[in-house]
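Asks: Pasting the sequence and the predicted coordinates here, then a few questions.
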Amino acid sequence: MAIISETAMAVDAPAGAAPDLGPTQKKALLAATIGAFVSPTPALLTVYGIVMVPIAQEFGWPRAQVAGVLSIAALLSAIT
């Protein structure tokens with residue numbers, strides 16, 4: 001049987017309210033938000049769906065091969 005402390009069971013915030021973030025968590029959230037804005041991946045994802053079919057038709061490549069380029073770009077963006 002697990003023992004749960006009273007403080008773990010206490011609910012201070014109303015339902016749906018955002019939890020209080022500590023200074024380290026706020027910095028991490030800010031860094032993640034800035035990273036999402038400056039990363040090329042969101043721009044690629046937005047435009048890629050529009051231009052994928054015309055690129056595949058123009059070069060005679062299968063769409064799976066053209067879509068694979070997006071996967072490689074997203075993977076490399078995540079690594080770097």
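Replies: Nice, I can see it. Residues are numbered from 1 along each chain as shown.
Asks: Just give me the residue closest to the centre of the protein.
Replies: Closest to where the C-alpha atoms of the chain average out (C-alpha atoms, centre = their mean) is A36, at 7.3 Å.
Asks: Identify the residues contacting that residue.
Replies: With contacts defined as C-beta atoms under 8 Å, 6 or more residues apart in numbering, the neighbours of A36 are P42. (C-beta placed from N, C-alpha, C; glycine too.)
Asks: Let me know the distance separating it from V69.
Replies: A36 is 21 Å from V69, where distance means C-beta to C-beta, to the nearest Å.
Asks: Flag the shaky bits of this protein, pLDDT-wise.
Replies: Screening the chain residue by residue with the criterion pLDDT under 70, one finds the ranges 1-18, 41.
Asks: Let me see the ranges of the strands in it.
Replies: Ranges of strands in the chain, per DSSP state E: none exist.
Asks: In it, what residue spans correspond to helices?
Replies: 6-9, 23-38, 40-59, 63-79 (DSSP state H).
Asks: Okay, angle between the second one and helix 40-59 too, please.
Replies: Interaxial angle of helix 23-38 relative to helix 40-59 (axes from the mean of the first three to the mean of the last three C-alpha atoms, to 10 degrees): 20 degrees.
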